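Chemist: sequence-free structure coming up:
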């Protein structure tokens, strides 16, 4: 590679190619339909929710917490790979331009995501008369400047382990940003407004001073980028086969009594249940989706809305957990079991039945707790169950027949 600029350009193009290769499988027609439907329904119920929010809602506190967390999060994407620990060491003194380009690209990507959140928060900003449209534009600029500041501190950490560990470093910057945003929206005195600004500036200067003449933290940067790409691969594996994915397995001793009660002679049942519980991705994602779905159903006021939201979450949970079977396509030990494809498909269908039944019951009970009458509760659980049966009998069966190579 002749120049560091050319090195960065090749790494960035390779990264985009890898993301786009799996992105077209993630954003397929089914997911696009769910997203469009979900965003449309979400926008409608968000509008209805705004009408019901009382005047004593702590809008300033809410906005300050949300954007303090958003601007403080995020790391510089350096596009490093494992072998760089050895092969790029001779270029270490010439890598400043490489990091600067990575900084600007990371800022543009995260600024775009921030802009989406700002668009969502604008109706609350306007409803509680925190300022006019012109002042909101100023607020947007300040949020972008704060994001640039936090990414700059992240940039400094490429050559410095930091004054504090990663968690404390994030907390210090998030708290400083919270007080600044809160003071800004509360229209505090200008002198009080400068206190968090000075604290954040001093913190950055202190890190920059310590970082001077320090070596690049190659292991830290490679680990962060490898972990980030591995997370994307695990997510993409929910939609298509990713042969190079490395699964993370967790012991989860608390689940042993549950696992030991499952009696089966089918090796596929045995393996898939343990994969779901002990894999670092499936169980945690299922729990998150279950809680988020239940929370949204609790907020939606109408029965039709609860039914639509519940069906959308059942669909997403089914699609993502159906991918459990795919990760064994390239595992030789999986192929030695004396079971047919039909028996293996039956195993994944049984697991999906259990998961969707759990979700159906939880969603319906949440609606009942909210004050729904018993007849609507029975209607909800009936429709959820019918959808689950249709999804597994027709959709899952067809997908496994087309794409699964066992």
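Modeler: Yep, it's here. The shown structure was predicted, so the numbers you read here are calculated from the model rather than taken from an experiment.
Chemist: show me the contacts for residue 154.
Modeler: Residues near residue 154 by Cβ atoms under 8 Å, 6 or more residues apart in numbering: 74-76. Yep, even glycine has a C-beta here, placed from its N, CA and C like the rest.
Chemist: let's see it at 10 Å
Modeler: Contacts for residue 154 (Cβ atoms under 10 Å, 6 or more residues apart in numbering) come out as 72-77, 103, 106, 162, 169-170, 173, 224.
Chemist: Inside strands: which ones of these?
Modeler: With strands taken from DSSP state E, there is no overlap with these.
Chemist: Could you give the separation of stretch 49-66 from the chain centroid?
Modeler: On the basis of Cα atoms, centre = their mean, to the nearest Å, stretch 49-66 sits 24 Å off its chain's mean C-alpha point.
Chemist: What of stretch 347-357?
Modeler: The chain centre lies 24 Å from the centre of stretch 347-357; the measure is Cα atoms, centre = their mean.
Chemist: same check, this time on stretch 385-405
Modeler: Relative to its parent chain, stretch 385-405 has a centroid offset of 26 Å by Cα atoms, centre = their mean.
Chemist: pLDDT averaged over that stretch - what is it?
Modeler: If you average the pLDDT over stretch 385-405, you get 75.
Chemist: Okay, and which of the contacts of residue 154 map to helices?
Modeler: Those of these mapping onto helices are 72, 103, 106, 169-170, 173, 224, per DSSP state H.
Chemist: quick revisit: which one among the contacts of residue 154 gets closest to residue 5?
Modeler: residue 103 (14.4 Å; Cβ to Cβ).
Chemist: Kindly tell me how buried residue 8 is, as a neighbour count.
Modeler: Counted with other Cβ atoms under 10 Å, residues neighbouring residue 8 total 21.
Chemist: How far off centre is stretch 271-282?
Modeler: How far stretch 271-282 lies from its chain's middle: 19 Å, per Cα atoms, centre = their mean.
Chemist: Quick check: buried residues in that stretch?
Modeler: Residues of stretch 271-282 classed as buried: 271-273, 275-279, 281-282 (neighbour count, 16 or more other Cβ atoms under 10 Å).
Chemist: go on, stretch 180-192?
Modeler: Buried residues in stretch 180-192, counted by 16+ other Cβ under 10 Å: 180-185.
Chemist: With stretch 141-152 instead?
Modeler: Residues of stretch 141-152 classed as buried: 143-144, 146-147, 149-152 (neighbour count, 16+ other Cβ under 10 Å).
Chemist: What is the helix or strand harbouring residue 191 packed up against?
Modeler: When secondary structure is defined by DSSP states H and E, residue 191 falls within helix 190-211. Counting contacts by 3 or more Cβ pairs under 10 Å, 6 or more residues apart in numbering; DSSP states H and E, helix 190-211 is packed against helix 133-156, helix 166-185.
Chemist: Appreciated, that's everything.
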